[in-house]
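Q: Okay, predicted coordinates and the sequence, questions at the end:
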Amino acid sequence: MKKIVLLLLVSFLFISCWPTTDNGEFARQEYKPVIISRSTLESSIAFQNAQPIIKSGKIYIKDDLMFINDVNKGFHVYDYADPTKPVRLHYIKAPGATDLAIKGNTVYINQAVDLVTATFNPTTKIFTVTNRNKNVFPQKQAPNGLYGYTKENEIIIDWTLIK
């Protein structure tokens, strides 16, 4: 009997902590996938002028450059020669991108489902995509852990909250 009472008490505590709406229903966050075509994804990476950060992600420092991920949007490039005063230089637009790695002048970008290889010459400021390994990574999951459904040659690059 004690076990049943304890189980009911614990269950009540968990349920009472679950977020609810004003009318007492369980609150659920639902998301809609942002989908683009494969051809659009493959032509989407662009080297642009500096832009403000919307949602910062991972930070990567290479020599005097700092790269800050703008989650699922791209990377902000800063001159980091003086760490007390980083200077915004460029923006690498890469829809669906969440991470990068650099070896020498080669940049590896996780762009949605693809692994993209590019080169960057800081002297000439030329950024060139040199290779794309397709479907290396799985489709992006929603923040609540659910998966979206896509047709052939469609890629999920982000998720938006349905209000």
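A: Received, thanks.
Q: List the contacts of the closest residue to I126 other than its chain neighbours.
A: Closest residue to I126 apart from its sequence neighbours, by Cβ to Cβ, 6 or more residues apart in numbering: F120 at 7.4 Å. Every C-beta, even on glycine, is put in place using the N, C-alpha and C of the backbone. Going by Cβ atoms under 8 Å, 6 or more residues apart in numbering, F120 touches N105, V107, I126, F127, T128.
Q: Helix or strand with the lowest mean pLDDT in the chain?
A: Lowest mean confidence among the helices and strands of the chain (mean pLDDT, DSSP states H and E): helix 2-17, at a mean of 56.
Q: Give me the phi and psi angles of the residue nearest to I126.
A: Note on F120: its backbone torsions stand at phi -140, psi 120 [degrees, to the nearest 10].
Q: Now do the closest residue to N110 other than its chain neighbours against N105, distance only.
A: Of all residues not flanking N110 in the chain, D99 sits nearest, at 4.3 Å (Cβ to Cβ, 6+ apart). Distance, D99 to N105, by Cβ to Cβ, to the nearest Å: 18 Å.
Q: for N131, same thing?
A: Distance of N131 to N105, computed by Cβ to Cβ: 14 Å.
Q: Could you do I126 as well?
A: As defined by Cβ to Cβ, I126 lies at a distance of 10 Å from N105.
Q: Between those two, which contacts overlap?
A: In terms of Cβ under 8 Å, 6+ apart, I126 and N105 are both contacted by the residues T119, F120.
Q: Wait, V34 touches E154, no?
A: No - if you go by Cβ atoms under 8 Å, V34 and E154 don't touch, sitting 10.7 Å apart.
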